[in-house]
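Asker: based on what follows, work out the 3D shape:
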Amino acid sequence: MPITRRRMITISAALALLPAVARANPQTSKLWTGQALGARASIRIDHPNSEAIAARVMAEIDRLEDILSLYRADSALTRLNRQGHLVEPPFELLECLSLASSVSRASGGRFDPTVQPLWVVWAEAAARGKQPDVRAIEAAKALVGWGKIQIDWARISLHPGMALTLNGIGQGYVADRVAALLEAEGLTDILIDTGEFRALGGNPAGDDWPVRLEGGGFVDLRQRALATSSPLGTTFDAAGRQGHILDPVSGTPASALWRAVSISAPNAALADALSTTACLLSDVNQVELLLQSFPGSRLEFAA
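Answerer: Modelled structure (predicted):
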């Protein structure tokens, strides 16, 4: 059975996602649609150089995919997984892994990008319409462990058979990088949605950006990010009971204690990693304890 994610990337810069949208200047407003990060993408920019800025945004997303994507055969991450090492790794990959290491440490190893071998086992079984073999799970678990990888500015090295995924942090990281690019262009009223939200400033009407929570209600964002993770948002089985967030300890999908967990933080990569990790924790107290390690992060919704 296919494993799919429904996602729409939207970037609104200097243009409110409110009735003000209808008042966009047709001479300066640019709407671009296409594909990015394996999802439909939409960029709307109200600026005299909107077309050129939109092109630079898409070029930046494309460049980051060449570093972080598992779905590009020659991305830096894919080459690392294939070869078991990467010499002179890109700064962006090192930055992502550094943040991942911080969250892994604070969570006692529950956040672990080395779960990719487990993902492969579960995904391949799902493609056959079956449960993965217990021996296959155990073999994949032996390849999991953040402490088994070596990272420095000159080289990243994996033990034989290991592989990394940045699915629990990469979308947020891309949102942060796009925000930095747009801010450098002089744009201040920005809302970026790459699956995780990143707000710079408020909306052009002067208010905060209202972002709807999956569980209902809104969170007002200004100079903050919001990420939501759902253990059953993507599933391996037809019944929809085996979710895509895998526990590195058990080797099985996270227990579906939560329908969704939303966390806000100063940047989207951190919010992304924390919301993913929260799905592996057993109660709100554990989530709050995790967030204490990251000043400025807040639990916005968990149910």
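Asker: for the record, mean pLDDT for stretch 111-131?
Answerer: For stretch 111-131, mean pLDDT is 96.
Asker: could you do stretch 136-147 as well?
Answerer: 97.
Asker: mind checking the end-to-end distance for it?
Answerer: 22 Å (Cα to Cα, to the nearest Å).
Asker: and for stretch 136-151?
Answerer: One end of stretch 136-151 sits 27 Å from the other (Cα to Cα).
Asker: run through who's touching it.
Answerer: 94, 97-98, 100-101, 104, 109, 112-115, 117-118, 120-121, 125, 156-159, 161-164, 248, 251-252 (Cβ atoms under 8 Å, 6 or more residues apart in numbering). Quick note: C-beta positions are derived from backbone N, CA and C, even for glycine.
Asker: same check on stretch 73-82?
Answerer: 65-70, 72, 86, 89-90, 93, 116, 156, 158, 162-164, 166.
Asker: and those, which are buried?
Answerer: 65-70, 72, 86, 89-90, 93, 116, 156, 158, 162-164, 166 (16 or more other Cβ atoms under 10 Å).
Asker: one step back: the contacts of stretch 73-82 in strands, which ones?
Answerer: If you go by DSSP state E, the contacts of stretch 73-82 have L86, I156 in strands.
Asker: among the contacts of stretch 73-82, which lie within helices?
Answerer: E65, D66, I67, L68, L93, Q116 (DSSP state H).
Asker: which non-adjacent residue is nearest the first one?
Answerer: So the one you mean is E65. R72 (6.0 Å; Cβ to Cβ, 6 or more residues apart in numbering).
Asker: so who does the one you found touch?
Answerer: E65, D66, T78.
Asker: how about those residues in JSON lines, adding distance to A140 and pLDDT?
Answerer: What follows is the contacts of R72, written out as JSON lines (distance: Cβ to Cβ, whole Å; pLDDT from 0 to 100):
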{"residue": "E65", "distance to A140": "26", "pLDDT": "94"}
{"residue": "D66", "distance to A140": "27", "pLDDT": "96"}
{"residue": "T78", "distance to A140": "18", "pLDDT": "97"}
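Asker: all strands for the stretch 1-150 of the chain, in order.
Answerer: 8-13, 29-36, 39-46, 85-87, 150-151 (DSSP state E, counting those that start in this stretch).
Asker: state the distance from the spatially closest residue to L158 that is not a sequence neighbour to V174.
Answerer: Counting by Cβ to Cβ, 6+ apart, L158 lies nearest to G84, which is 4.9 Å off, once chain neighbours are set aside. Applying Cβ to Cβ, to the nearest Å, the value for G84 to V174 is 25 Å.
Asker: among those two, which residue is more densely surrounded?
Answerer: V174 (31 against 15; other Cβ atoms under 10 Å).
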